[in-house]
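Enquirer: Sequence unavailable; structure follows:
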C-alpha cells in the first residue's frame, strides 16, 4: 500500500489505484465521463492545488528565488487547517491503500506535486518503491 506521485494523463502503472487530480481545473476538451478512461484522474481534489494566483507565480518562475517564493506561498496555503488535515488523511491512507496524486505539469521538479510529495512525506506517507516515486 502506498502513494505514487504522477503526471495526469500519463499511462497508469500497474497497482496504481485511484488517481487523484490535485489540479485547479479539469482537463480541457475532455468530457467528464472520460477523465478516468483517458488516464487523467478518477477523483478531482482541487483543495491540494495552488490557488490561481500562486499557480501563475509558479508558471512564471524562471529564477531559483522566484521558485522559492512560490514554494513558500504554496506551503503556506497547504498549512491551512482544512488542507493540512487532508494531507494528513492521505498520508495515513497510504499505509492502507494504493492511490496516486498528480498534476498536468511535465516536469515534477517545477510543479507543485514535488512540494506536495514533501508535505506528504512530512506527515509520514508511504510511497511506492519504484525509482520515479522516491
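Expert: All right, it came through fine. All values reported here derive from a predicted model rather than from experimental measurement.
Enquirer: if you count residues, which helix in the chain comes out on top?
Expert: The longest helix of the chain (DSSP state H) is helix 64-78.
Enquirer: got the contact list for the helix or strand just after that helix?
Expert: Per DSSP states H and E, the first helix or strand lying C-terminal to helix 64-78 is helix 81-93. The contact list for helix 81-93, computed with CB atoms under 8 Å, 6 or more residues apart in numbering, reads 3, 20, 45, 47-48, 77-78, 99, 101, 116, 119-120, 123-125. Using the backbone N, CA and C atoms, a C-beta is placed for each residue, glycine as well.
Enquirer: One more pass at 6 Å, please.
Expert: 47, 119, 120, 123, 124, 125 (CB atoms under 6 Å, 6 or more residues apart in numbering).
Enquirer: how much space is there between the spatially closest residue to residue 123 that is not a sequence neighbour and residue 54?
Expert: What sits nearest to residue 123 in space, not counting adjacent residues and going by CB to CB, 6 or more residues apart in numbering, is residue 91, at 3.6 Å. Separation of residue 91 from residue 54 (CB to CB, to the nearest Å): 22 Å.
Enquirer: same question, residue 61
Expert: 11 Å.
Enquirer: Give me the common contacts of the two.
Expert: With CB under 6 Å, 6+ apart, residue 61 and residue 54 have no common neighbours.
Enquirer: Which among the contacts of helix 81-93 count as buried?
Expert: The neighbour-count test (16 or more other CB atoms under 10 Å) marks 119, 120, 125 as buried among these.
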